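In: Structure here, sequence nowhere to be found:
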């Protein structure tokens with residue numbers, strides 16, 4: 001991993017780096033760049049497999065992205081995240097620790113109930129929240 005100065009250089013070489021093609025506030029359509037075909041294919045296949053695994057961080061992240069961006073963009077984004085994790089594991093010589101499917105919910109403990117209440121109210125329900133007694 002010492003060949004690449006940073007994780008962004010590795011992602012660019014692999015061809016799964018996020019792009020920003022906009023000018024004057026107008027977003028233009030773009031494709032992912034050309035890169036190492038074999039690595040890119042393997043990473044996207046790994047992302048698709050990770051999206052089907054039960055109870056993992058990768059599945060939760062994939063479905064959150066898929067809801068907003070679509071299947072293929074979510075697969076490429078998760079492939080990018082996998083490559084970043086691999087880079088850090090190799091460069092720092094640490095093992096991978098699975099964060100779990102509730103990791104993203106734990107990050108936003110205060111936002112999650114509010115979002116769920118808003119979703120129920122949009123469906124026509126009246127919701128009141130109470131703290132659970134210890």
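Out: Received it, and whenever you're ready, just let me know what you need. Note that the structure is a prediction, hence the values are computed from the model and not measured.

In: So for residue 30, what's the nearest residue that isn't a sequence neighbour?
Out: Spatially, and ignoring its direct neighbours in sequence, residue 30 is nearest to residue 21 (4.0 Å; Cβ to Cβ, 6 or more residues apart in numbering). To be clear about C-beta, it is placed using only N, CA and C from the backbone, and glycine gets the same treatment.

In: how near is the one you found to residue 13?
Out: 19 Å (Cβ to Cβ, to the nearest Å).

In: Comparing the two, which shows the higher neighbour count?
Out: Neighbours were tallied for residue 21 and for residue 13 using other Cβ atoms under 10 Å; the higher tally belongs to residue 13 (15 against 10).

In: Specify the local secondary structure of the more buried one.
Out: Per DSSP: H, G, I helix; E, B strand; the rest coil, the secondary structure class of residue 13 is helix.

In: what's near enough to touch it?
Out: Taking Cβ atoms under 8 Å, 6 or more residues apart in numbering as the contact definition, residue 13 lies against 4, 35, 36.

In: repeat that with 10 Å
Out: Residue 13 makes contact with 3, 4, 33, 35, 36, 39, according to Cβ atoms under 10 Å, 6 or more residues apart in numbering.

In: Can you name the two of these that sit furthest apart?
Out: Using Cβ to Cβ, those span at most 18.5 Å, a distance reached by 3 and 33.

In: In terms of neighbours, single out the busier of the two.
Out: When residue 3 and residue 33 are compared for neighbours, residue 33 comes out ahead with 14 against 7, by other Cβ under 10 Å.

In: State the distance from the more buried one to residue 123.
Out: As judged by Cβ to Cβ, residue 33 and residue 123 stand 42 Å apart.

In: now the helices for the chain?
Out: 7-14, 37-52, 57-69, 71-92, 103-107, 111-122 (DSSP state H).

In: chain center to the lowest-mean-pLDDT helix or strand in the chain, what's the gap?
Out: Least confident helix or strand of the chain, by mean pLDDT, DSSP states H and E, is helix 103-107 with a mean of 75. Remark: helix 103-107 is offset 13 Å from the chain centroid, using Cα atoms, centre = their mean, to the nearest Å.
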